[in-house]
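A.B. asks: coords please:
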Amino acid sequence: MPRWARHSPDRLVFWSTESGVYQVHVWDRSSGERRQVTDHPVGVTAGALTLDGEQVLFWQDETGSEAGQWYAEPFSGGTAAPFLEGVTQGWNQGLAQVPGLVAAGISDADGFAVYVSVDGAPARELWRSTEAISIGGGEHGRADLAGLSADGSMLALEHAEHGDSLHPALRVVDPLTGATIAEQIDDGMALHASCWSPVPGDQRLVVTHERDDDERPAIWHLATGEWTDLDLGLTGPAEAIDWWPDASALLVAHNDEGRDQLYRYDVASGSLTSIEHAPGTVLAARVRPDGDVWFRLGSGEHAPISLDTAGSVVLRAEGEAAPEGRPFRSWHFDNGEGDRVHGFYTKPEGDGPFPVMMFVHGGPTGQDGDAWDPEVLAYVDMGFAVGMVNYRGSTGYGRAWRDRLIGDIGGPELVDVNAGLADLVSRGIADPDRAVVGGWSWGGYITVMELCKHPDMWLAGVAGVPVGDYELSYEDLSPELQAYDRALLGGTHDEVPDLMRDRNPIYFADQVRAPMIFLIGENDSRCPLRQAMAFVDKLRERNHPHEVVLFGTGHGSYDLDEEVRQIRSILTFLARHVPGVAVP
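C.D. replies: The predicted structure follows:
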């Protein structure tokens with residue numbers, strides 16, 4: 001969705017694959033002029049504008065490892081140059097701006113740091129920690145709203161110094177001195193900064209907490225210390241993600257089992273009014289200076305599109321429109337351990353049973369929703385039913401469900417995925433003799449674990465950027481992923497040897513019976529090359545059938561031709577090993 005300059009809202013930035021690779025573009029809405037800014041072979045997917053709209057900012061990563069730096073280029077065109085002098089290269093932990101002040105979070109081999117630049121001067125280090133720390137809102141792409149207060153007197157930080165990166169605390173500091181103004185710590189629970197009031201001098205910060213298990217919004221009034229929970233009367237996670245310009249109302253996003261709904265919440269009256277839109281997944285939403293709401297919406301049937309509250313298209317990508325997809329059907333089943341699990345499935349036209357792909361989402365703190373996914377649609381076009389399970393560890397079902405994997409990775413997920421497969425079989429949708437499993441990132445890890453631990457269930461496996469040797473991966477991870485790993489495991493891998501012996505796939509590679517295809521990024525800092533290839537080498541040593549697709553970037557590709565090459569390799573592999581399917 002396009003993002004506008006705060007003080008020049010007709011100047012906007014967006015990123016698009018119109019050139020064949022994700023690049024940053026700018027759009028002058030008043031003139032209609034659009035221009036591609038970046039032309040980097042890796043691709044660029046993070047951009048912003050300076051407050052006055054005179055410069056476009058973008059995060060450029062040279063290799064796909066995600067480590068890079070911020071650059072600036074004139075809105076109308078010109079030479080790009082590093083944006084913040086004095087800031088080291090590293091991994092992006094958020095960027096926030098107010099007049100005369102910029103704050104940036106960076107992580108590198110030495111830890112996590114926050115830098116500030118005053119009136120364009122070289123940036124100086126304000127805060128440093130060995131534990132994860134980021135500009136408020138950075139994890140959810142809202143650091144520009146949740147980092148600096150409107151008058152620049154306060155800076156919100158999310159940090160793991162009192163817990164871990166799954167359960168960050170909040171610290172509000174003076175951005176000039178680093179002095180702590182206030183803190184909020186919820187032991188064993190997460191706190192996230194969502195958005196400051198846009199009115200200068202109004203020191204209200206909207207916070208997302210999980211004190212009632214589900215995510216809920218509250219207003220933290222820094223001037224008085226008052227904390228007000230917002231009673232929305234909704235079931236399931238809900239966040240307040242932006243203010244109306246006069247700070248009279250909040251934009252609320254509610255997730256109800258993988259489908260999103262936007263609302264306007266009136267702060268004075270507490271009334272909640274729905275914003276009309278089709279069902280699906282809201283990928284982004286913000287309130288314009290004139291009070292209109294722009295949002296990006298997609299579903300299993302329809303590719304994402306940016307809309308306003310009238311339902312009009314805000315900005316349409318150039319080129320051929322995506323074809324229609326398939327309906328994603330919400331689905332519940334029992335996992336045999338007393339839990340009711342939710343997910344989605346989709347299938348070809350007609351009656352089953354069909355060959356089935358159990359497609360496992362990444363994260364593990366992620367969620368399969370009613371969302372556009374061309375890879376899933378390609379499997380349906382081949383003739384597969386596709387099951388997508390929100391296993392224990394997924395987001396969207398409360399803190400306890402999400403935290404179920406802490407200290408117990410690689411076990412509950414398999415139970416839930418396998419129970420989902422059994423349920424689809426019982427419904428006549430899936431053929432158990434033609435079942436395959438696949439996924440990317442954590443989904444790749446679960447794929448490998450499934451083929452190791454349940455080798456007779458699966459006809460084939462598709463492991464995208466997987467974890468193959470958990471212990472070997474740690475030293476090659478980015479600092480943020482190392483912190484995430486410690487939180488998820490309950491310590492470093494050498495502190496949980498019993499868990500590693502049972503849940504590190506490398507120890508069970510000899511049990512794999514089904515053919516596998518691996519897709520591995522050479523510069524991946526999340527699921528690194530070395531550990532993934534260590535598992536591949538175990539299969540190669542015993543001449544087990546497998547294929548490897550290497551690509552030259554990181555945790556995925558932003559190049560459409562490369563993505564097509566990868567999907568074609570997967571479909572060709574499946575057509576060789578699964579009876580009754582064919583490459584469309």
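A.B. asks: my guess is Met449 meets Leu414, correct?
C.D. replies: Yes. Between Met449 and Leu414 there is a contact under CB atoms under 8 Å: 6.0 Å. For the C-beta atoms, the positions are set from N, CA and C on the backbone; glycine is no exception.
A.B. asks: Quick check: which ranges of the protein have low pLDDT?
C.D. replies: Applying pLDDT under 70 to the chain picks out no residues at all.
A.B. asks: Ser8 and Asp28, how far apart?
C.D. replies: In this structure, Ser8 and Asp28 are separated by 10 Å, where distance is defined by CB to CB, to the nearest Å.
A.B. asks: Pretty sure Arg501 sits in a helix.
C.D. replies: Yes. With DSSP: H, G, I helix; E, B strand; the rest coil as the criterion, Arg501 is part of a helix.
A.B. asks: Who are the contact partners of it?
C.D. replies: By CB atoms under 8 Å, 6 or more residues apart in numbering, the residues touching Arg501 are Tyr507.
A.B. asks: Quick check: nearest residue in space to Ala435, chain neighbours excluded?
C.D. replies: Closest residue in space to Ala435, ignoring its immediate chain neighbours: Val356 at 5.1 Å, by CB to CB, 6 or more residues apart in numbering.
A.B. asks: How is that neighbour assigned, secondary-structure-wise?
C.D. replies: strand.
A.B. asks: which residues of the stretch 1-150 of the chain fall in strands?
C.D. replies: Taking DSSP state E, counting those that start in this stretch as the test, the strands found in the stretch 1-150 of the chain are 3-5, 8-16, 23-28, 33-36, 47-49, 55-61, 67-74, 81-82, 90-98, 101-108, 111-118, 124-129, 133-135.
A.B. asks: mind listing the helices for this protein?
C.D. replies: 143-146, 374-382, 399-402, 412-426, 442-453, 470-473, 479-489, 497-503, 529-541, 560-577 (DSSP state H).
A.B. asks: Please identify the deepest-packed of the ones you listed.
C.D. replies: Among these, helix 442-453 has the highest mean neighbour count (mean count of other CB atoms under 10 Å), at a mean of 27.
A.B. asks: what about that one, distance to the chain center?
C.D. replies: How far helix 442-453 lies from its chain's middle: 20 Å, per CA atoms, centre = their mean, to the nearest Å.
A.B. asks: these two touch, right, Phe165 and Gln482?
C.D. replies: Slight slip there: residue 165 is Ser, not Phe. No. Applying CB under 8 Å as the test, Ser165 and Gln482 come out as separate, 9.4 Å apart.
A.B. asks: Glu349 and Phe384: what is the separation?
C.D. replies: On the measure of CB to CB, Glu349 and Phe384 end up 13 Å apart.
A.B. asks: just Asp151 next, same as before
C.D. replies: Counting by CB to CB, the separation of Asp151 from Phe384 is 55 Å.
A.B. asks: quick one: which of these two has more around it?
C.D. replies: Phe384 (28 against 16; other CB atoms under 10 Å).
A.B. asks: Quick one: residues contacting that one.
C.D. replies: Lys347, Pro348, Phe354, Pro355, Val356, Met357, Val436, Val581.
A.B. asks: Could you list the domains of this structure?
C.D. replies: 1-83, 329-577 (automatic domain parsing).
A.B. asks: Tell me which residue is most central in this structure.
C.D. replies: By CA atoms, centre = their mean, the chain has its centre lying nearest to Gly366, at 7.1 Å.
A.B. asks: Surely that one touches Tyr391?
C.D. replies: No. Counting by CB under 8 Å, Gly366 does not reach Tyr391; the two are 10.3 Å apart.
A.B. asks: out of the domains of the chain, deepest packed?
C.D. replies: domain 329-577 (a mean of 20).
A.B. asks: How far does stretch 13-31 sit from its chain's centre?
C.D. replies: On CA atoms, centre = their mean, the centre of stretch 13-31 falls 21 Å from that of its chain.
A.B. asks: measure that stretch end to end?
C.D. replies: 14 Å (CA to CA, to the nearest Å).
A.B. asks: quick one: contacts of that stretch?
C.D. replies: 1-4, 10-12, 33-41, 43-49, 56, 58, 75, 315, 317-319, 558-561.
A.B. asks: same question, stretch 452-462
C.D. replies: In contact with stretch 452-462 (CB under 8 Å, 6+ apart) are residues 357, 414, 418, 421, 432-439, 447-448, 450-451, 505, 508-509, 511-517, 519, 570, 573-574, 577-578.
A.B. asks: coming back round to it: list the contacts of the residue nearest to the centre of the chain.
C.D. replies: Ser394, Thr395, Trp442.
A.B. asks: residues contacting the first one?
C.D. replies: Spelled out, it's Ser394. Residues counted as contacts of Ser394 (CB under 8 Å, 6+ apart) are His361, Gly363, Pro364, Thr365, Gly366, Gln367, Asp368, Trp401, Arg402.
A.B. asks: Val313 touches Ile305, doesn't it?
C.D. replies: Yes. Taking CB under 8 Å as the definition, Val313 is a contact partner of Ile305 at 6.0 Å.
A.B. asks: who's more crowded, those two?
C.D. replies: Each of Val313 and Ile305 has its neighbours counted (other CB under 10 Å); Ile305 has more, 18 against 9.
A.B. asks: need the contact list for that one.
C.D. replies: By CB under 8 Å, 6+ apart, the contact set of Ile305 is Arg296, Leu297, Gly298, Val313, Arg316.
A.B. asks: which residues touch the third one?
C.D. replies: Contacts for Gly298 (CB under 8 Å, 6+ apart) come out as Gly280, Thr281, Leu283, Pro304, Ile305, Ala371, Trp372.
A.B. asks: swap in the second one?
C.D. replies: For Leu297, the contacting residues are His277, Ala278, Gly280, Thr281, Val282, Leu283, Pro304, Ile305, Leu307, taking CB under 8 Å, 6+ apart as the criterion.
A.B. asks: Columns distance to Ala67 on top of the residues you listed, output as a markdown table?
C.D. replies: Putting the contacts of Leu297 into a markdown table (distance: CB to CB, whole Å) gives the following:
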| residue | distance to Ala67 |
| --- | --- |
| His277 | 37 |
| Ala278 | 38 |
| Gly280 | 33 |
| Thr281 | 29 |
| Val282 | 30 |
| Leu283 | 25 |
| Pro304 | 28 |
| Ile305 | 32 |
| Leu307 | 35 |
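A.B. asks: Val44 versus the closest residue to Asp61 other than its chain neighbours, what's the distance?
C.D. replies: Distances taken as CB to CB, 6+ apart place Gly68 nearest to Asp61, at 3.7 Å, with adjacent residues excluded. Counting by CB to CB, the gap from Gly68 to Val44 is 9 Å.
A.B. asks: list the residues that contact both of these two?
C.D. replies: Joint contacts of Gly68 and Val44 (CB under 8 Å, 6+ apart) are Trp59, Gln60, Asp61.
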